[in-house]
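1. next one to model:
(chains A and B)
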2 protein chains.
Amino acid sequence: MRAVSPSHPRALRVEDYVAGVLGGNRSMLARAITLIESNAPGDAARAEEVVRELLPHAGKSIRVGITGVPGVGKSTFIESLGCMLCRGGRHLAVLAVDPSSTLSRGSILADKTRMEMLTREPNCFIRPSPTGGALGGVARKSRETMLLCEAAGFDVVLVETVGVGQSETTVRSMVDFFLLLMLAGAGDELQGIKKGIIELADALAITKADGDNAAHVEAARAEFSRVLHYLMPPDPLWHPPVLTCSSFTGAGIGEVWEVVNQFQEAARKSGAFAARRHAQTLDWMREMLTQELWRAFTREPHIVSAQPGLERQVLDGKLSATAAVSQLLALYRNSHDPKN
Amino acid sequence: MRAVSPSHPRALRVEDYVAGVLGGNRSMLARAITLIESNAPGDAARAEEVVRELLPHAGKSIRVGITGVPGVGKSTFIESLGCMLCRGGRHLAVLAVDPSSTLSRGSILADKTRMEMLTREPNCFIRPSPTGGALGGVARKSRETMLLCEAAGFDVVLVETVGVGQSETTVRSMVDFFLLLMLAGAGDELQGIKKGIIELADALAITKADGDNAAHVEAARAEFSRVLHYLMPPDPLWHPPVLTCSSFTGAGIGEVWEVVNQFQEAARKSGAFAARRHAQTLDWMREMLTQELWRAFTREPHIVSAQPGLERQVLDGKLSATAAVSQLLALYRNSHDPKN
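-> Model prediction:
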């Protein structure tokens, strides 16, 4: 009889992952996500198989993205909303996307400590951001993690942006509803809303609407409503509202969720819900394809040696941009020509 | 002795175009631009040569993009600003970019009639948008038209957006300074500012600041300043100001130009001016390259026949997006493989 070392468990088979996830087994879900996040070449094929098997069972959750500057209270908001949802019988998965930093695992662990009540909810599953890798890699892993959580029976997925960089647009492109948390009366440095973020939001919620701050929050609500008025021309389908809430007292948290439900109902009725998901999937495919085409191009030895010199000539005004592009494309085509 | 038919002029040689443009000959400049805009295959090589010869003489103007909704008074603003500049000794080229419509030639001709005073200024050259062709084609033609005008000695280039669609971002990507004209107190339908446009602007100017409208304009200036405050975090280099002007009385027109000059001075001093132009050129090259790579990919016969079915399977939840992308890339690579 051979002893099986617990530190070297047998590699799980695809069907083990699939049965575990479909059975709602948390630790199997966690291991399946680890497989997906793995950069080991041997894992890629199994990961793809697991995703393929689970795909028909995914897609049945409402996916909500949550963003906001550091200090806005994202963790306490998610804890407050999440506990409310779990106690109401929903099954909640909380994911984080942080394409910018290898420190994210540390920061979400800190968040996890702060989300102490939520981690004790039996209906809740919290997963930190995958670390390392290119932006495209993180986006892929996060999307597939989301699909796995759905296959495991979670019917609400909250995706939190972490860190700086492109995480907002990445998260926007994978959720049904995008919520922007804002601070009232903060200085410019604190507010620091990035260009174009407000315009991605399906709703704004001003946090910390309690105590002495309540009056500031009401003033900010009026102010942000004015800003939205100029930014977003009326849309027959949806006017992003400006809400207020307090994670401390719980006031307004239910109203935020009510707005998510109203949005979902209207968007399903009009067909915009399915249309947005389809468009997101096709955009994602196209993005992966163009990234790969560009990568192959820029790694081709003839391009590697010719591109910097041609760019220099263009910047120095010695060669037109179109002529340089023609030369590079001709080089690339010739490198693929079977006659060479 | 052979008669030369004036309706069939001899094809001009490259050196004729180059000498004509460098000599500041308007009709030769116009014919060189027509050559650049030509879609006839025989003209492309000569056009490229003309651009290459003129490139070392280009780049010495200040390039200003001007946008705003229909009804904001773009034409009268350009006429008012343009006449002021020409009378002050500047040499002004006015271009229009309209990627959206084959009707543009008609609409800019109407504008030309409205810009009657400006067309009579000897220092001014007005050129309508190239018609037809893909967005990339229009952008290329407009950029090269701009370079030709600079080589002909024009030291101010105003580039106007026409029509709807992507013209704002196209124009933004080819100018040094981007001016957004706005209306005061207009209804939502009239205002209709597209998402993300305000954030592209280096300055806002509210038009029609005259007569009964002056008070509305002052109120709008305060309002837009508040909006900008939230949208654009303070930048050490440049805070986009909100200005007011009247093309009718001429009030404020000089101040708008003063702001362009202040921007130019600050940006040249900090190096941001050259950096922005270099980045624009490299972005443009990369965009042309990725467009061509994508076009070649989507036209490859194996891809043409496989892509729709794979996309359908992904949307139906039968295949993961990453698996579909892997299959498409493998098909594409095999189609280039010399062994096949």
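
2. now the strands for the stretch 51-200 of chain A?
-> A:62-67, A:92-97, A:124-127, A:156-161, A:177-182 (DSSP state E, counting those that start in this stretch).

3. by mean pLDDT, flag the weakest helix or strand of chain A.
-> Within chain A, confidence by mean pLDDT, DSSP states H and E is lowest for helix A:188-191 among all helices and strands, at a mean of 43.

4. after that one, next one along is what?
-> strand A:203-206 (DSSP states H and E).

5. do that following strand and chain B come into contact?
-> No: Strand A:203-206 does not reach chain B (C-beta under 8 Å from any C-beta of the partner chain); its nearest approach is 11.0 Å. For glycine as for every other residue, the C-beta is placed from the backbone atoms N, C-alpha and C.

6. average pLDDT for that strand?
-> In this model, strand A:203-206 carries a mean pLDDT of 94.

7. what do you get for stretch A:141-157?
-> Mean pLDDT, stretch A:141-157: 95.

8. anything in that stretch near chain B?
-> Yes: with C-beta under 8 Å from any C-beta as the criterion, chain B is reached by stretch A:141-157 at A:143-144, A:147.

9. restricted to helices, list the residues you listed.
-> Mapping these onto helices (DSSP state H) picks out A:143-144, A:147.

10. gap between A:L95 and B:V227?
-> Per C-beta to C-beta, to the nearest Å, A:L95 is found 33 Å from B:V227.

11. just name the most buried of the strands of the stretch 51-200 of chain A.
-> Of those, the one with the most neighbours on average (mean count of other C-beta atoms under 10 Å in any protein chain shown) is strand A:92-97, at a mean of 27.

12. so what secondary structure elements neighbour it?
-> helix A:74-87, helix A:104-114, strand A:124-127, helix A:135-151, strand A:156-161, helix A:167-172 (3 or more C-beta pairs under 8 Å, 6 or more residues apart in numbering or on different chains; DSSP states H and E).

13. can you rerun that using 6 Å?
-> Contact here means 3 or more C-beta pairs under 6 Å, 6 or more residues apart in numbering or on different chains; DSSP states H and E; on that basis strand A:92-97 packs against helix A:74-87, strand A:124-127, helix A:135-151, strand A:156-161, helix A:167-172.

14. pLDDT averaged over the first one - what is it?
-> The predicted model assigns helix A:74-87 a mean pLDDT of 95.

15. for it, packing partners?
-> Against helix A:74-87 (3+ C-beta pairs under 6 Å, 6+ apart) you get strand A:92-97, helix A:116-119, helix A:253-270.

16. dump that helix to PDB, keeping only the CA atoms.
-> Extracted in PDB, the C-alpha atoms of helix A:74-87 (Å, rounded to 0.1, in the frame of the first residue of the first chain):
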ATOM      1  CA  LYS A  74     -15.800  49.800  -1.800                       C
ATOM      2  CA  SER A  75     -15.100  47.000   0.700                       C
ATOM      3  CA  THR A  76     -17.600  48.200   3.300                       C
ATOM      4  CA  PHE A  77     -20.200  48.800   0.600                       C
ATOM      5  CA  ILE A  78     -19.700  45.300  -0.800                       C
ATOM      6  CA  GLU A  79     -19.900  43.800   2.700                       C
ATOM      7  CA  SER A  80     -23.100  45.700   3.400                       C
ATOM      8  CA  LEU A  81     -24.700  44.900   0.100                       C
ATOM      9  CA  GLY A  82     -23.400  41.300   0.100                       C
ATOM     10  CA  CYS A  83     -24.700  40.400   3.600                       C
ATOM     11  CA  MET A  84     -28.100  41.800   2.600                       C
ATOM     12  CA  LEU A  85     -28.200  39.700  -0.500                       C
ATOM     13  CA  CYS A  86     -26.900  36.500   1.200                       C
ATOM     14  CA  ARG A  87     -29.500  36.800   4.000                       C
END
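
17. now the angle from it to strand A:177-182?
-> For helix A:74-87 against strand A:177-182, the angle by axes from the mean of the first three to the mean of the last three C-alpha atoms, to 10 degrees is 140 degrees.

18. try the longest one
-> For helix A:135-151 and strand A:177-182, the angle between their directions (the same axes, to 10 degrees) works out to 110 degrees.

19. residues of the stretch 201-340 of chain A that sit close to chain B?
-> Counting by C-beta under 6 Å from any C-beta of the partner chain, the residues of the stretch 201-340 of chain A lying close to chain B are A:227, A:230, A:233-234, A:278, A:281, A:284-285, A:288-290, A:292-294, A:297, A:315, A:317, A:320-321, A:323, A:325, A:329, A:336, A:338.

20. mind listing which of these are in helices?
-> Of these, the ones assigned to helices by DSSP H are A:227, A:230, A:278, A:281, A:284-285, A:288-290, A:292-294, A:297, A:315, A:321, A:323, A:325, A:329, A:336.

21. pull out the buried members of those residues.
-> Taking 16 or more other C-beta atoms under 10 Å in any protein chain shown as the criterion, what is buried in those is A:227, A:230, A:281, A:284-285, A:288-289, A:292-293, A:297, A:315, A:321, A:323, A:325, A:329.

22. where is pLDDT lowest across these?
-> Here the lowest pLDDT out of these sits on A:Y230, with 67.

23. can you give me the neighbour number for the residue nearest to A:E150 when sequence neighbours are not counted?
-> Spatial nearest neighbour of A:E150, excluding adjacent residues (C-beta to C-beta, 6 or more residues apart in numbering or on different chains): A:A58 at 4.1 Å. The local packing of A:A58 (other C-beta atoms under 10 Å in any protein chain shown) involves 19 other residues.

24. any idea how far A:A58 is from A:R295?
-> Counting by C-beta to C-beta - A:A58 and A:R295 are separated by 28 Å.

25. identify each buried residue in stretch A:116-126, please.
-> Buried residues in stretch A:116-126 (16+ other C-beta under 10 Å): A:118, A:121, A:123-126.

26. which residue is nearest the middle of chain A?
-> A:V171 (2.9 Å; C-alpha atoms, centre = their mean).

27. I'd say that residue and A:V162 touch.
-> No: the criterion here is C-beta atoms under 6 Å, and A:V171 misses it with A:V162 at 9.6 Å.

28. I'd like the strands of the stretch 51-200 of chain A as JSON lines, with distance to B:G73 appended.
-> Below are the strands of the stretch 51-200 of chain A laid out as JSON lines (distance: least, C-beta to C-beta, whole Å):
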{"stretch": "strand A:62-67", "distance to B:G73": "38"}
{"stretch": "strand A:92-97", "distance to B:G73": "44"}
{"stretch": "strand A:124-127", "distance to B:G73": "54"}
{"stretch": "strand A:156-161", "distance to B:G73": "41"}
{"stretch": "strand A:177-182", "distance to B:G73": "34"}
